[in-house]
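Undergrad: quick one, what's the 3D model for this:
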Amino acid sequence: MIRKYEIMYILDQDVKDAKELSDKLNGILAEGGKIIESKDLGLMNFAYEIDHKKKGFYTVVIVEATTAAVAEFERVAGIDRNVVRTLVLNTENLQNYEQTTELSKTDMTKFEEERRERRNFKKPFNKNFNREDAPKAEAPKAEEVK
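TA: Purely as a prediction, here's the structure:
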């Protein structure tokens, strides 16, 4: 049975030929259906380290394929060490899911500027800072030794 899927996979940043591996994975999906759209998002940072890696090549594929083709894709992607992560969504079964035909990257420039401002922020240090309402500490009086 042919169903509609949205598939994202991440390839290792150190892979020698990312385009060749991406074509191989897309070919598996094309054998059991048809690829509606495929978009390489390029080399992007991970939110957290995966297997001591900080970056990877992201690819999003919208495909109409059989469940056997998707299962074969997941099997091959799981075996290949250059595939870091995969995500397969059956968009027909998701409620309130509107699949986009135009893939677009989130504009992160605003968030990066805010993050940069927070990183460079330093608290002002006042060496002579005295709180007027704070109790003053007095040194205890020394007793005379006779």
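Undergrad: pull the longest strand from the chain.
TA: strand 33-50 (DSSP state E).
Undergrad: other SSEs contacting the next helix or strand after that strand?
TA: Next in sequence after strand 33-50, counting helices and strands by DSSP states H and E, comes strand 53-66. Under the contact criterion of 3 or more Cβ pairs under 8 Å, 6 or more residues apart in numbering; DSSP states H and E, strand 53-66 touches strand 2-12, helix 18-31, strand 33-50, strand 83-90. For the C-beta atoms, the positions are set from N, CA and C on the backbone; glycine is no exception.
Undergrad: buried sites along strand 53-66?
TA: Neighbour counts over strand 53-66 (16 or more other Cβ atoms under 10 Å) mark K55, G56, F57, Y58, T59, V60, V61, I62, V63, E64, A65 as buried.
Undergrad: identify the farthest-apart pair in the residues you listed.
TA: The most widely separated members of those, counting by Cβ to Cβ, are K55 and E64 (30.8 Å).
Undergrad: can you get me the start-to-end distance on stretch 24-38?
TA: 13 Å (Cα to Cα, to the nearest Å).
Undergrad: what does that stretch contact?
TA: 2, 4, 7, 9, 59-66, 68-70, 72-73, 76-77, 83, 101, 103 (Cβ atoms under 8 Å, 6 or more residues apart in numbering).
Undergrad: now tell me which helix or strand of the protein has the poorest mean pLDDT.
TA: helix 109-120 (a mean of 67; mean pLDDT, DSSP states H and E).
Undergrad: sheet partners, orientation included, of the longest strand of the chain?
TA: Strand pairing for strand 33-50, determined by DSSP bridges: strand 53-66 (antiparallel).
Undergrad: tilt between whichever helix or strand comes after the partner strand and helix 18-31?
TA: Proceeding C-terminally, strand 53-66 gives way to helix 67-79 as the next helix or strand, assigned by DSSP H and E. Comparing the axes of helix 67-79 and helix 18-31 via axes from the mean of the first three to the mean of the last three Cα atoms, to 10 degrees yields an angle of 150 degrees.
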